[in-house]
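>>> pasting the sequence and the predicted model now:
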Amino acid sequence: MSEQRYLTFALGKGRLANKTLELLEQIGITCEEMKDKESRKLIFVNEELKLKFFLAKGPDVPTYVEYGAADIGVVGKDTIIEEQRRVLEVLDLGFGKCRMCVCGPESARDLLNHHEMIRVATKYPIIAKDYFYNKKHQTVDIIKLNGSVELGPIVGLSDVIVDIVETGSTLRENGLGVLEEICPLSARMIVNQVSMQMESERIKNLIAAIKSQL
């Protein structure tokens with residue numbers, strides 16, 4: 001009997017990782033090492049279940065999974081669409097729910113309705129481009145920002161923004177609102193294509209166990 005190899009999880013840092021670990025605990029998968037907030041470790045191991053975990057920045061998770069550095073990843077649907085990596089999306093975990101929206105001042109609504117040439121500021125240029133070019137057939141100038149995209153319309157950099165909206169309170173505080181909804185988002189579980197074949201039984205059992213808790 002060959003020794004069972006480790007299954008490796010890449011988790012998006014922050015709330016997604018915490019919610020994922022809570023969910024895994026419900027099906028009996030724990031990783032005590034990860035609870036030590038002082039730990040400087042990068043990889044956490046559950047020897048008994050032959051599992052490894054590491055935390056990564058959200059946009060890097062699909063990259064780790066595509067290249068097989070991780071068998072399984074948990075990341076937001078926005079990241080999966082934006083990063084366009086070759087991974088299998090196997091499960092909607094149902095938490096981290098929000099929406100990808102076109103937002104801006106009310107005055108920008110007419111520009112959208114009349115398909116005018118506008119400037120769009122966003123952290124998600126691929127999602128924005130797909131929405132405007134392929135779904136709306138509207139030509140836009142997309143400006144990639146890394147920080148607070150809400151600033152775009154306020155300082156006159158852009159007419160609208162494409163961003164994630166959870167409650168909308170930041171938008172309202174800055175005189176902006178949701179003008180169009182692009183798609184709903186939530187946390188998803190992704191799997192490496194080769195791992196899905198090689199470790200089919202273990203991964204399918206894991207998916208089934210998680211599904212039973214959702």
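Nice, I can see it. Numbering: from 1, shown residues only.
>>> all contacts plus neighbour counts: C-alpha atoms, from now on.
Fine.
>>> any weak-confidence spans in the chain?
In the predicted model of the chain, residues 1-3 satisfy pLDDT under 70.
>>> pull up the distance across stretch 185-205, start to finish.
Stretch 185-205 has an end-to-end distance of 25 Å (CA to CA, to the nearest Å).
>>> pretty sure residue 109 sits in a strand.
No - applying DSSP: H, G, I helix; E, B strand; the rest coil, one finds residue 109 to be helix, outside a strand.
>>> residues in contact with the most centrally placed residue in the chain?
Taking CA atoms, centre = their mean, the centroid of the chain lies closest to residue 76, which sits 1.9 Å from it. By CA atoms under 8 Å, 6 or more residues apart in numbering, the residues touching residue 76 are 58, 96, 185, 186, 187, 188.
>>> strands of the chain, residue ranges please.
7-12, 43-46, 51-56, 72-76, 88-92, 98-104, 118-122, 140-144, 160-165, 177-185, 187-191 (DSSP state E).
>>> so can I have CSV of those strands showing distance to residue 205?
Below are the strands of the chain laid out as CSV (distance: least, CA to CA, whole Å):
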stretch, distance to residue 205
strand 7-12, 13
strand 43-46, 17
strand 51-56, 14
strand 72-76, 13
strand 88-92, 12
strand 98-104, 28
strand 118-122, 38
strand 140-144, 40
strand 160-165, 32
strand 177-185, 25
strand 187-191, 13
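>>> and among these, the most buried is which?
Compared across the strands of the chain, strand 72-76 shows the largest average neighbour count, a mean of 28 (mean count of other CA atoms under 10 Å).
>>> okay, the angle between that strand and strand 88-92?
Relative orientation of strand 72-76 and strand 88-92, computed by axes from the mean of the first three to the mean of the last three CA atoms, to 10 degrees: 60 degrees.
>>> quick one, strand 72-76 and strand 177-185 angle?
160 degrees.
>>> paired strands for strand 72-76, with orientation please.
The strands that strand 72-76 pairs with in its sheet are strand 7-12 (parallel), strand 187-191 (antiparallel) (by DSSP bridges).
>>> right, so of those strands, which gets closest to residue 207?
Nearest to residue 207 among the strands paired with strand 72-76 is strand 187-191 (8.9 Å), distances taken as CA to CA.
>>> got the CA coordinates for that closest one in PDB?
Coordinates of each C-alpha in strand 187-191 appear next as PDB, following Å, rounded to 0.1, in the frame of the first residue of the first chain:
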ATOM      1  CA  ALA A 187     -16.900  32.000  -1.900                       C
ATOM      2  CA  ARG A 188     -16.200  29.000  -4.200                       C
ATOM      3  CA  MET A 189     -14.200  25.800  -3.900                       C
ATOM      4  CA  ILE A 190     -11.800  25.100  -6.800                       C
ATOM      5  CA  VAL A 191      -9.800  22.000  -7.600                       C
END
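>>> ok, back up a step: so what sits opposite the residue nearest to the centre of the chain in the bridge?
Beta bridges link residue 76 to residue 187 when assigned by DSSP bridges.
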